[in-house]
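A.B. asks: coords please:
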Amino acid sequence: ARERVASTVTVRNPERHSVTFDVLADLPFVSGKPTVTVPGASRDRPGTAEYAFAVRPMVEGQFSGTLTFSDRAASDAQRAGDASSQWASLRVGVSAPDPEDVIRVNAMVRDGVAVGVELTNPLDTPAEFVADVRGAGLVGDPVFALGPGETREYELLFCPLVPGSGKGSLAFSHPTAGEIWYEIETEAEQPPPVELAPLSTPIGLRDRVTVAIENPTRDEASVRADVDNQRNFTVEPASAVLAPYSRSEVVITYTPSAVGTSEFGVVRITSDRIGAWEFHVQGSGTPPVALADPVLLVAPAGLSAST
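C.D. replies: Here you go, the predicted model:
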């Protein structure tokens, strides 16, 4: 796309005198002279001339059309005949142009980054460009409108959900202004673990903390929770299915096993679709709580008593 390619087609004249043909192309990106004059035929062969034309398609795709050659001196009835009218079939396959540039963008998982991509409308009329955004975590408006000759930045968002490297593309296309595109290289980093506030509770009791996880996609997402210290920490629920665009709470419960000793745990909540969260939690036990008032039970020997 956007490259000019020249070609020729042979025009024949079976008449003994020279003929000037009017030329009509039905593809908008085909150009050439409006007429071609073909010398008269000899005794054993028709007259021929090479008609030179050029194609400069602005967008990729497969296109079919015709070049029609009509004898300008012929009557309407004569133009219906082969002698005064002929045509050539055109089939044009257009590939995408080379990328304008390579855009590299880095972001933390679940922490979006905006990138401005400059675009100019070369026309003297308003233009709406179709924006085609491809790639995991890449988001942008599907249409970008510019005034005559206007230059403005298109906002491309990178909002990754899982860590890793990736590739994508951003293409702008317009039937007249043409097509340009950018190659996108992305890098998503796993955020550092979340350090939760320390928990503390008497031996025999429990303390809890609640954390939130979110599914920002339009599909359901299954999540599961794992904890490395199952003696002191539990997670509820251990697994769940999050509805699209929903938010859910997970409860981490601490049960102390010693007094005055810090006990640590790592809780990981993972999903193949929406990534992973890691929480670092710690707790310490305190002495058991004494009863407010002693209870005195009296019973005869050999009998039981209750309260």
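
A.B. asks: local confidence estimate at the residue nearest in space to the middle of the chain?
C.D. replies: Nearest to the mean C-alpha position of the chain, by Cα atoms, centre = their mean, lies R134 at 3.2 Å. Looking at R134, its pLDDT is 95.

A.B. asks: what is the burial count for G204?
C.D. replies: 11 (other Cβ atoms under 10 Å). Every C-beta, even on glycine, is put in place using the N, C-alpha and C of the backbone.

A.B. asks: then T270?
C.D. replies: A count of nearby residues for T270, using other Cβ under 10 Å, gives 14.

A.B. asks: what sits closest to it if chain neighbours are left out?
C.D. replies: The shortest distance from T270 to any residue other than its chain neighbours is 4.4 Å, reached at A276 (Cβ to Cβ, 6 or more residues apart in numbering).

A.B. asks: helix or strand for that neighbour, which one?
C.D. replies: Using DSSP states H and E, A276 sits within strand 275-286.

A.B. asks: can you list the helices and strands that that strand packs against?
C.D. replies: Packing partners of strand 275-286 (3 or more Cβ pairs under 8 Å, 6 or more residues apart in numbering; DSSP states H and E): strand 194-195, strand 199-202, strand 207-215, strand 246-254, strand 262-271.

A.B. asks: among these, which is nearest G61?
C.D. replies: Shortest distance between G61 and the helices and strands packed on strand 275-286, using Cβ to Cβ, is found for strand 207-215: 37.3 Å.

A.B. asks: and that closest one, how far out from the chain's middle?
C.D. replies: Remark: strand 207-215 is offset 30 Å from the chain centroid, using Cα atoms, centre = their mean, to the nearest Å.

A.B. asks: which helices and strands does that strand pack with?
C.D. replies: With contacts defined as 3+ Cβ pairs under 8 Å, 6+ apart, strand 207-215 has these neighbours: strand 199-202, strand 239-242, strand 246-254, strand 275-286.

A.B. asks: contacts for the second one next, please.
C.D. replies: Spelled out, it's strand 239-242. Strand 239-242 is contacted from outside by 213-215, 220-225, 248, 271, 274, using Cβ atoms under 8 Å, 6 or more residues apart in numbering.

A.B. asks: so for that strand, mean pLDDT?
C.D. replies: Throughout strand 239-242, pLDDT has a mean value of 95.

A.B. asks: who's the closest spatial neighbour of T201, skipping the chain neighbours?
C.D. replies: Once flanking residues are discounted, T201 sits nearest to D207: 3.9 Å by Cβ to Cβ, 6+ apart.

A.B. asks: how far away is T255 from G285?
C.D. replies: Counting by Cβ to Cβ, to the nearest Å, the separation of T255 from G285 is 9 Å.

A.B. asks: of these two, who's got more company?
C.D. replies: G285 (24 against 18).

A.B. asks: burial check on the closest residue to that one other than its chain neighbours, number of neighbours?
C.D. replies: Leaving aside its sequence neighbours, G285 sits nearest to P256 (Cβ to Cβ, 6+ apart; 2.8 Å). The burial count assigned to P256 is 22, neighbours taken as other Cβ under 10 Å.

A.B. asks: tell me who's in contact with P256.
C.D. replies: Contact analysis of P256 by Cβ under 8 Å, 6+ apart lists 201-203, 232, 263, 283-286.

A.B. asks: repeat for G65
C.D. replies: Contacts for G65 were tallied using Cβ under 8 Å, 6+ apart; they are 25-27, 30, 89-90, 92.

A.B. asks: from these, list just the buried residues.
C.D. replies: Neighbour-count burial (16 or more other Cβ atoms under 10 Å) applied to the contacts of G65 gives 25, 30, 90, 92.

A.B. asks: among the residues you listed, name the ones in strands.
C.D. replies: Among the buried ones among the contacts of G65, the residues falling in strands (DSSP state E) are 25, 30, 90, 92.

A.B. asks: need the three-state assignment for R12.
C.D. replies: Classification of R12 by DSSP: H, G, I helix; E, B strand; the rest coil places it in strand.

A.B. asks: does it really touch G47, like I thought?
C.D. replies: Yes. The criterion here is Cβ atoms under 8 Å, and R12 meets it with G47 at 7.1 Å.

A.B. asks: mutual contacts of the two, please.
C.D. replies: With Cβ under 8 Å, 6+ apart as the test, R12 and G47 both reach V38.

A.B. asks: ok, these two, which is more surrounded?
C.D. replies: A count of neighbours by other Cβ under 10 Å puts G47 above the other of R12 and G47, at 19 against 16.

A.B. asks: just the buried subset of the contacts of strand 239-242, please.
C.D. replies: The neighbour-count criterion (16+ other Cβ under 10 Å) marks 213, 215, 221, 223, 225, 248, 271, 274 among the contacts of strand 239-242 as buried.
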